[in-house]
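Novice: predicted model, plus sequence, below.
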Amino acid sequence: MRSKLFLCIYALCFLLFAVAFAASQAQGRVDAFALQNGDRVVFYGDSITAQRFYTRDVEEFLLTRYPALNVDFFCAGVSGDTVYGGYAGDTTSRLARDVIPIKPTVVTVMLGMNDPGYVPFDQHIFDIFKTGYASLAGSLASALPQVRLTLIASSPYDELTHGTDFPGLSATVQKYGMFVKQFAGERQAEFANFNSALDETLHSAMKDNPDYAALLIPDRIHPSEQGHWIMAAGLMRAWRASPEVSRIELDAAKRSVALARNVDVSDLQGAARGITWTALEHSLPLPFSTDDPLMKFAVRVGNLEAMDQEVLQVRGLVADRYSLQIDGKPVLDLTKQQLSAGVNLALLPTPMLDQARGLDWLEDRKMKMDAARFALEGEMPSTPGAADAAKVLGAAETALTTEQRQNAQPKQHKFALVAK
């Protein structure tokens, strides 16, 4: 009787420990991440930011990887901008109109492409940039004492893949980025290096496929949508985002769950022809298009898969080949060896990826609305009816954000491995 009671108490303690450990793991993912629930993030920059591609990708990263976090994002990128401003107003005007009223808790700054003036490196111009950058950061800190800054080294000017219009500009932009890195260290601000992330990708791309490499920054200045994903991944690394969607490790022979990280696994059953189980992942894969050849290329040469890990590992299987099925639909045929080593589901056409792609569709609509609203408020506020139109667009953006957050909540799926 005592031994049975001891075993029951031991089993209960083990269960409580397992639940507590899983909860601590989930909380650890959030605690390590630089953004917090309720944050308001402003992306401040020039035309590369105004493209609204890396900003969109970062928001989608949050929606898919941390669907329980509510974070609002605002894009304040203006074409041609410098540390002193540009055609849409000087820095003081820009901050007063485009940043401070939003009351952000986080501001990212990416400048340095236009500041060199598209001329060979000039120390005097560089000194002007450094003074202006310090002034910009000081103005943000003064107006928003609690704001957390993330300073970004600008994406590169591409002189590698298809010649140059401004010889030496690539090295100059890189030098400006190194100043930003040093400045961020002195101010204890977060730092992300878009320059090195894309530059390394361009070199890898040239070895792999020079024709595709030239499409990553097609006009040498503005990265393509695929190139922006590499930048977004760089920012998420700087913000210490988890690279893992989920990880499932099963032992088919023992019909047991060896590991379930960021996922709830239940109803694991074995049969002569395979195994089945139910999984509720707490995140979704990134919404990469599996039909876009350039996106597949960027994923490969930019090592984006490293930030998109949805791993399934199954040991103890008997047959040589299996059909992976999700919700009754075949996804991919896999060998016993592949499953034993681990397969990344994130890049496969799964229902989870379909769900993430639905969020991408909503984000595309919201991005276009946001660009129109920002233009009305910041670039042509005196246009008759501009203020009313901006309010309508803002309300539509808010509604889309609510819809996105609802649609981002993960769903339960039925998995099966059926022997071939």
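Specialist: Cool, the structure landed. Numbering: from 1, shown residues only.
Novice: which residue ranges form the helices in this protein?
Specialist: Here the chain has its helices, by DSSP state H, at 2-32, 47-50, 54-65, 91-94, 123-143, 169-187, 194-208, 210-213, 225-238, 293-301, 336-341, 351-374, 386-407.
Novice: of all those, which one comes closest to residue 273?
Specialist: Among those, helix 336-341 comes nearest to residue 273, with 13.5 Å by CB to CB. From N, CA and C alone the C-beta is placed, and that goes for glycine too.
Novice: could I get the helices of the chain as CSV with mean neighbour count?
Specialist: Below are the helices of the chain laid out as CSV (neighbours: other CB atoms under 10 Å):
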stretch, mean neighbour count
helix 2-32, 11
helix 47-50, 23
helix 54-65, 25
helix 91-94, 17
helix 123-143, 15
helix 169-187, 18
helix 194-208, 20
helix 210-213, 16
helix 225-238, 24
helix 293-301, 19
helix 336-341, 16
helix 351-374, 18
helix 386-407, 15
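Novice: could I get those helices as a markdown table with distance to residue 71?
Specialist: Shown next, in a markdown table, are the helices of the chain (distance: least, CB to CB, whole Å):
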| stretch | distance to residue 71 |
| --- | --- |
| helix 2-32 | 12 |
| helix 47-50 | 17 |
| helix 54-65 | 6 |
| helix 91-94 | 23 |
| helix 123-143 | 19 |
| helix 169-187 | 21 |
| helix 194-208 | 20 |
| helix 210-213 | 33 |
| helix 225-238 | 13 |
| helix 293-301 | 25 |
| helix 336-341 | 36 |
| helix 351-374 | 14 |
| helix 386-407 | 10 |
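Novice: residue 114: which of those helices is closest?
Specialist: When the helices of the chain are compared (using CB to CB), the closest one is helix 47-50, at 8.1 Å.
Novice: and the closest one, average pLDDT?
Specialist: Model confidence over helix 47-50, given as mean pLDDT, is 98.
Novice: tell me the pLDDT at the closest residue to residue 412 other than its chain neighbours?
Specialist: Distances taken as CB to CB, 6 or more residues apart in numbering put residue 280 closest to residue 412, at 4.5 Å, once the chain neighbours are dropped. With respect to pLDDT, residue 280 has a value of 98.
Novice: equivalent analysis for residue 247, please.
Specialist: Per the predicted model, pLDDT is 98 at residue 247.
Novice: hmm, it is touching residue 257, no?
Specialist: No - contact between residue 247 and residue 257 fails when scored by CB atoms under 8 Å: they sit 11.2 Å apart.
Novice: sorry, back to before: what's the least confident stretch among the helices of the chain?
Specialist: Note on the helices of the chain: helix 2-32 shows the lowest mean pLDDT, a mean of 48.
Novice: so what's the residue nearest to residue 412 bridging to?
Specialist: residue 264, residue 412 (DSSP bridges).
Novice: domain assignment for this protein?
Specialist: 1-31, 33-241, 243-420 (automatic domain parsing).
Novice: let me see the contact set for residue 160.
Specialist: 170, 199, 202-203, 206, 213 (CB atoms under 8 Å, 6 or more residues apart in numbering).
Novice: can you put these in a markdown table and add distance to residue 320?
Specialist: Listed next are the contacts of residue 160 as a markdown table, based on distance: CB to CB, whole Å:
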| residue | distance to residue 320 |
| --- | --- |
| 170 | 51 |
| 199 | 44 |
| 202 | 41 |
| 203 | 40 |
| 206 | 39 |
| 213 | 39 |
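Novice: between the helices of the chain, which one is closest to residue 321.
Specialist: Using CB to CB, these put helix 336-341 closest to residue 321, at 7.2 Å.
Novice: quick one: distance of that closest one to the chain centre.
Specialist: On the basis of CA atoms, centre = their mean, to the nearest Å, helix 336-341 is displaced by 29 Å from the centre of the chain it belongs to.
Novice: helices and strands around that helix, which ones?
Specialist: strand 309-315, strand 321-326 (3 or more CB pairs under 8 Å, 6 or more residues apart in numbering; DSSP states H and E).
Novice: how close does the nearest residue to residue 373 once chain neighbours are set aside get to residue 32?
Specialist: Sequence neighbours aside, residue 393 is the residue nearest to residue 373 in space, at 3.9 Å (criterion: CB to CB, 6+ apart). Residue 393 sits at a distance of 35 Å from residue 32 (criterion: CB to CB, to the nearest Å).
Novice: settle this for me: residue 54 is touching residue 231, isn't it.
Specialist: Yes - contact criterion CB under 8 Å: residue 54 and residue 231 qualify, at 4.3 Å.
Novice: name the residues contacting each of these two.
Specialist: In contact with both residue 54 and residue 231: 194, 223, using CB under 8 Å, 6+ apart.
Novice: for residue 367, what are its contacts?
Specialist: Per CB under 8 Å, 6+ apart, neighbours of residue 367: 52, 56.
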